[in-house]
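Novice: pasting the sequence and the predicted coordinates here, then a few questions.
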Amino acid sequence: MRTFTPTQILGMVLLNLKSIAEKNLNAAVVDCCIGIPVYFTDLQRRAVLDAATIAGLHPLRLIHETTATALAYGIYKTDLPENDQLNVAFVDIGHASMQVCIAGFKKGQLTILAHSFDRSLGGRDFDEVLFQHFAAKFKEEYKIDVLQNARASIRLRTACEKLKKILSANPEAPLNIECLMDEKDVRGFIKREEFEQISAPILQRVKRPLEKALADAGLAVENVHMVEVVGSASRVPAMLKILTEFFGKEPRRTMNASECVARGCALECAILSPTFKVREFQVNESFPFPVSLSWKGSGPDSQAGGAEQQQLVFPKGNPIPSIKAVTFHKSSTFTVDVQYSDVSDLQAPPKISTYTVINS
């Protein structure tokens with residue numbers, strides 16, 4: 001049995017996508033632009049680049065998925081204002097996570113004003129709620145415990161995912177599975193109201209990323225002119241109701257909920273590539289986490305035993321890509337740690353890397 005790392009698995013996925021593209025285009029595909037979640041750390045971003053190398057691809061840029069969505073939304077707009085900024089909130093509720101981006105549009109450009117996210121809030125949470133509900137129900141009614149049977153659990157999870165989709169379009173839905181476990185056929189039924197009641201703990205978490213995005217952007221709700229919602233879990237009616245109540249306006253669905261990120265990545269790749277000519281459109285991206293430097297020593301030659309000093313180099317929301325020069329007045333070798341200044345939302349170690357500066 002062979003063991004593969006996540007990077008290798010992603011490399012296989014990218015290689016498959018590369019093969020599909022080459023077959024359809026009848027040409028070699030090398031340059032690409034890859035969409036990543038906004039909460040990816042430096043280590044995860046480098047892993048994506050390594051996976052692209054494994055697949056024989058040359059990434060021109062990694063772009064945040066919500067930024068790609070904003071680009072796909074704005075590049076073809078012919079009615080963008082020249083002076084007054086049009087503020088649009090993009091809410092991406094996918095299978096595993098929720099991401100929010102507020103972008104400001106003017107003619108020929110977009111500026112990312114704020115990012116926020118909940119990395120563990122998505123469509124699979126609704127699937128899990130339904131799964132646990134019916135697992136308990138079947139244990140009581142049919143005296144079977146699907147939690148103790150892997151095959152039965154998989155079949156019930158698949159049925160619950162389908163049930164969630166039915167409830168998105170209908171006020172009630174049945175659940176029927178033949179021979180689920182111990183040769184027993186099971187039947188269930190649930191109304192949308194009951195589904196929303198058992199999903200209440202999930203739905204209560206939706207507002208936090210919305211509030212954080214507005215606060216980071218420095219905007220009031222009335223300053224957000226439009227709301228675009230994408231992602232597979234955005235089809236849940238309770239989600240749309242929360243967004244409508246929060247922003248005071250109904251979210252729009254003018255974009256393909258499943259393909260908008262890929263479309264934005266393709267457009268960004270075309271913008272960066274000399275091979276294609278596309279409409280002039282500037283993307284002003286920002287980085288969601290503050291980055292700082294730390295080193296030891298308080299004097300020119302104090303390396304060991306000195307107090308650790310820290311300097312914020314890139315504040316939260318800093319435009320990317322960007323370069324900043326830092327000067328150290330030291331005559332001996334010393335080390336500099338690069339780290340995230342705030343890891344409260346990252347769920348990862350603060351350290352990014354360590355550099356040893358040798359004075360020769």
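Specialist: Thanks, I have it. Numbers count the residues shown, from 1 in each chain.

Novice: only C-alpha atoms from now on, for both contacts and neighbour counts.
Specialist: Will do.

Novice: what sits against Gly35?
Specialist: 62-65, 68, 261-262, 265 (Cα atoms under 8 Å, 6 or more residues apart in numbering).

Novice: sorry, wrong one. I was asking about Gly104.
Specialist: Neighbour list for Gly104: 85-88, 110-113 [criterion: Cα under 8 Å, 6+ apart].

Novice: mind checking which of those are in strands?
Specialist: Using DSSP state E, 86-88, 110-113 are the members of those that sit in strands.

Novice: can you map out the helices along this structure?
Specialist: Here the chain has its helices, by DSSP state H, at 6-25, 42-54, 65-74, 123-141, 150-169, 192-198, 200-203, 207-217, 237-247, 260-272.

Novice: need the contact partners of the shortest one.
Specialist: Outside helix 200-203, the residues that touch it by Cα under 8 Å, 6+ apart are 121, 125-126, 238-239.

Novice: doesn't Ala72 make contact with Arg263?
Specialist: Yes. Under the criterion of Cα atoms under 8 Å, Arg263 is in contact with Ala72, at a separation of 6.1 Å.

Novice: who's more crowded, these two?
Specialist: It is Ala72, of Arg263 and Ala72, that has more neighbours when counted by other Cα atoms under 10 Å, with 22 against 17.

Novice: ok, for the more buried one, nearest residue in space, not its chain neighbours?
Specialist: The spatially closest residue to Ala72, leaving aside those adjacent along the chain, is Gly264, at 4.5 Å (Cα to Cα, 6 or more residues apart in numbering).

Novice: OK, contacts around the one you found?
Specialist: Contacts of Gly264 by Cα under 8 Å, 6+ apart are 67-72.

Novice: filter those down to the buried ones.
Specialist: 67-72 (16 or more other Cα atoms under 10 Å).

Novice: so how far is Ile242 from the nearest residue to Lys164 once chain neighbours are set aside?
Specialist: Spatially, and ignoring its direct neighbours in sequence, Lys164 is nearest to Asp127 (6.9 Å; Cα to Cα, 6+ apart). Counting by Cα to Cα, to the nearest Å, the gap from Asp127 to Ile242 is 19 Å.

Novice: who's more crowded, those two?
Specialist: The neighbour count for Asp127 versus Ile242, taken as other Cα under 10 Å, is higher for Asp127 (23 against 16).

Novice: isn't the more buried one up against Glu161?
Specialist: Yes. Counting by Cα under 8 Å, Glu161 is a contact partner of Asp127 at 5.3 Å.

Novice: and of the contacts of Gly35, the nearest to Asn24?
Specialist: When the contacts of Gly35 are compared for distance to Asn24 (Cα to Cα), Ala262 wins out at 16.1 Å.

Novice: list the contacts for the closest one?
Specialist: With Cα under 8 Å, 6+ apart, Ala262 has these contacts: 35, 68.

Novice: and Ala135, how many neighbours?
Specialist: 19.

Novice: was I right to think it contacts Tyr142?
Specialist: No. The criterion here is Cα under 8 Å, and Ala135 misses it with Tyr142 at 10.1 Å.

Novice: if we can go back for a sec, out of the contacts of Gly104, which are buried?
Specialist: Applying 16+ other Cα under 10 Å to the contacts of Gly104 flags 85-88, 110-113 as buried.
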